[in-house]
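Q: model this:
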Amino acid sequence: MMHGAEKLAALRAVLAGDELDGFVLPRGDEHLGEYVAPYAERLAWLTGFTGSAGMVVVLSDRAAVFSDGRYVLQLAAQTDPACFEREHITETPPEDWLAAALRGGEGEKRIGYDPWLLSQDVLARFNKHGFRMVPVARNPVDAIWHDRPAPPLLPAVPHPMEFAGRESSEKRQEIAAILRAAGQDAAVLTDPASVNWLFNIRGRDVGFTPFALGFAVLESDGSAILFMAPEKIDDALLAWLGDGVSVRPPDALASVLAGYAGRVVRIDPSASAVWFAQTLREAGATVSPGADPCALPKARKNAAEQAGFRRAHALDAMALCGFLQFVAEHGVGLTETELSQHLDRFRARSAEYRGESFPAISGTGPNGAIIHYRADPATARRLGPDEVYLIDSGGQYASGTTDVTRTLWSGPGPAPAELRERVTRVLKGHIALSRARFPQGVHGGRLDALARTALWQAGLDYDHGTGHGVGSCLSVHEGPCGISPAARPVPIEAGMVLSNEPGFYAAGAYGIRLENLVLVVPQPVGQSKPFLGFEPLTLVPFDRALFDVALLDETERDWIDSYHRLVLERIGPLVDDANRPWLEAACAPLELNDPV
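A: Next up, the predicted model:
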């Protein structure tokens, strides 16, 4: 088995044989998704970095790995500094690093890329620097990854109307109308979330996300071609897909796209592999850049999906309440992986549970400061007394997807005053965003500061977005809307499900994050225009041992008490008798002298 330096040397040998001076490798698959099957984990195999977002640039004498603020500490821990420079992808974009690395060199350099793994937008950023970007016919990492897993071929299955809420034919007609209004003849869909949503199917091809991997072309008359491996489709699924949908194997993509000569085809330049646009242009088609036309309709959850989210969160809350009591009574001394395994067992008590929606972030003490930390059984810390424990986890249910974070104090002593102040400032931001009322048309970038203001007043901040969209039995991270300084200017709309998760991280000491999922709902407050607000979906108590109640104003205390009353009303009747006294105590009204 090759190790890091050997893999890098072998890759450089392949690049030299292909007359390439460098290679750009993002973390992702042909769908450019966040969660990928093992066969597509090229970045992790080459560098050791297992985060869900990143890129490596390899030259003959230098290499650098890039990721965002969530993974700064993980990147440093998992990669070999003798092989790779480690860079913050926002502060030092890969294309800027490459330009600096090549400055002053002799002759034009040929930089290879896999056209199935880069979007048009990402490729354009490299092209702006004047690099000679060369598409490769075969990914050079695949040439040296000799035990690379095979792509998954698990069956695709129907997603019942009880949870989907709308027929596929109705969805296809809605999207087709969008194409006709834009003067487009067809759209290529490469995001598995859109494909699965549009055809009301699900699968098990990707860990944590119930995707059946495939591509689709939707025509402006509502008919569609689904490109999916034949092994994944049986007669029952063909009948479920119904009239107007034909099925072809993925290797038919090139020949089908060649038939669009002279036609206008929509491609999402930020989320589709550049191979699609290149293939269409070579065939003589007109590529019309545009956002995935399914993204917004998918994000607007219909009545059945909203009901499903409420059901999923009730089931999830039952599990979380049992787990939080378990941690309070038995958590000290257990490892981070043991704790997350216990949480998974609590969730698995429900017959509707389908597994985690992402790898649980179970961080004790200093590991909680690693924003997207993933515990390893071999090195997992044990939860000690008088220590902070951050647990960020979620579940996939047929009815919906959950994502919740709680920050806990292990006791038995009281939490330090500075820690309680910082947790309370994070809580104040969470409350401010939860209480927000805003006119229709506002996007998430305008709301983000609500969650940060109390931290900013103390000179504190956090290096991640405040909220992301969540799919309905789909990806736990869903566009196109989010709540962050860098959020796309896409208005938040009724029916969307978003997270509310401000935090603070003291490197080497602890992490704080408080996260609920919320449903965007109309509010009867607008005098001149419609207003929107948030309905809490997550119904799990916060750990009052970490509050400095004196820092909360009356409105904030009322919000906490009202939220905890809601938790007790909705979840109290569902939990075990043994869990109810703990839940009642956790949801009791705040007192100004809390914590005791």
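
Q: in stretch 143-162, what's buried?
A: Within stretch 143-162, the residues scored as buried using 16 or more other CB atoms under 10 Å are 143-145, 148, 152, 156-159. For glycine as for every other residue, the C-beta is placed from the backbone atoms N, C-alpha and C.

Q: Quick check: the farthest pair among those?
A: By the measure CB to CB, I144 and P158 form the most distant pair in those, at 40.2 Å.

Q: Mind putting the buried residues of stretch 143-162 into JSON lines with pLDDT and secondary structure?
A: JSON lines is the format used below for these (pLDDT from 0 to 100; DSSP: H, G, I helix; E, B strand; the rest coil):
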{"residue": "A143", "pLDDT": "96", "secondary structure": "helix"}
{"residue": "I144", "pLDDT": "97", "secondary structure": "helix"}
{"residue": "W145", "pLDDT": "97", "secondary structure": "coil"}
{"residue": "R148", "pLDDT": "97", "secondary structure": "coil"}
{"residue": "P152", "pLDDT": "95", "secondary structure": "coil"}
{"residue": "A156", "pLDDT": "98", "secondary structure": "coil"}
{"residue": "V157", "pLDDT": "98", "secondary structure": "strand"}
{"residue": "P158", "pLDDT": "98", "secondary structure": "strand"}
{"residue": "H159", "pLDDT": "98", "secondary structure": "coil"}
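
Q: want to throw these into CSV with distance to N500?
A: Shown next, in CSV, are the buried residues of stretch 143-162 (distance: CB to CB, whole Å):
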residue, distance to N500
A143, 45
I144, 44
W145, 40
R148, 39
P152, 34
A156, 33
V157, 32
P158, 33
H159, 27
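
Q: from the residues you listed, which is closest to E515?
A: The closest of those, once distances to E515 are taken by CB to CB, is H159, at 26.0 Å.

Q: doesn't R202 make contact with that closest one?
A: Yes. The pair H159 / R202 is scored as a contact, 4.8 Å apart, by CB atoms under 8 Å.

Q: Which residues are in contact with each of the two?
A: Taking CB atoms under 8 Å, 6 or more residues apart in numbering as the contact rule, H159 and R202 both touch 196, 473.

Q: What distance do you get for the residue nearest to L460 when sequence neighbours are not counted to L583?
A: Closest residue to L460 apart from its sequence neighbours, by CB to CB, 6 or more residues apart in numbering: F504 at 5.6 Å. To L583, F504 is 27 Å away according to CB to CB, to the nearest Å.

Q: Over to D114?
A: Counting by CB to CB - D114 and L583 are separated by 51 Å.

Q: M318 too?
A: 10 Å.

Q: In terms of neighbours, single out the busier of these two.
A: Taking neighbours as other CB atoms under 10 Å, M318 and L583 compare with L583 leading, 25 against 22.

Q: Surely that one touches L568?
A: Yes. If you go by CB under 8 Å, L583 and L568 touch, sitting 6.5 Å apart.

Q: Helices along the stretch 351-500 of the chain, start to end?
A: With helices called from DSSP state H, counting those that start in this stretch, the stretch 351-500 of the chain shows them at 417-434, 448-456.

Q: Tabulate those (TSV), appending mean neighbour count and mean pLDDT.
A: Shown next, in TSV, are the helices of the stretch 351-500 of the chain (neighbours: other CB atoms under 10 Å; pLDDT from 0 to 100):
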stretch	mean neighbour count	mean pLDDT
helix 417-434	21	98
helix 448-456	19	98
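
Q: To T50, which of these lies closest?
A: Among these, helix 417-434 comes nearest to T50, with 27.0 Å by CB to CB.

Q: For the closest one, output the C-alpha coordinates as CSV.
A: Provided in CSV are the C-alpha atoms of helix 417-434 (Å, rounded to 0.1, in the frame of the first residue of the first chain):
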residue,chain,number,x,y,z
ALA,A,417,-18.3,32.5,34.0
GLU,A,418,-16.5,33.3,30.8
LEU,A,419,-17.8,30.1,29.1
ARG,A,420,-21.4,30.9,30.2
GLU,A,421,-21.0,34.4,28.9
ARG,A,422,-19.9,33.1,25.5
VAL,A,423,-22.6,30.5,25.3
THR,A,424,-25.2,33.0,26.2
ARG,A,425,-24.0,35.4,23.5
VAL,A,426,-24.3,32.5,21.0
LEU,A,427,-27.8,31.9,22.4
LYS,A,428,-28.7,35.6,22.0
GLY,A,429,-27.8,35.4,18.4
HIS,A,430,-29.8,32.2,17.9
ILE,A,431,-32.8,33.9,19.5
ALA,A,432,-32.5,37.0,17.5
LEU,A,433,-32.6,35.0,14.3
SER,A,434,-35.4,32.8,15.5
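
Q: Appreciated, that's everything.
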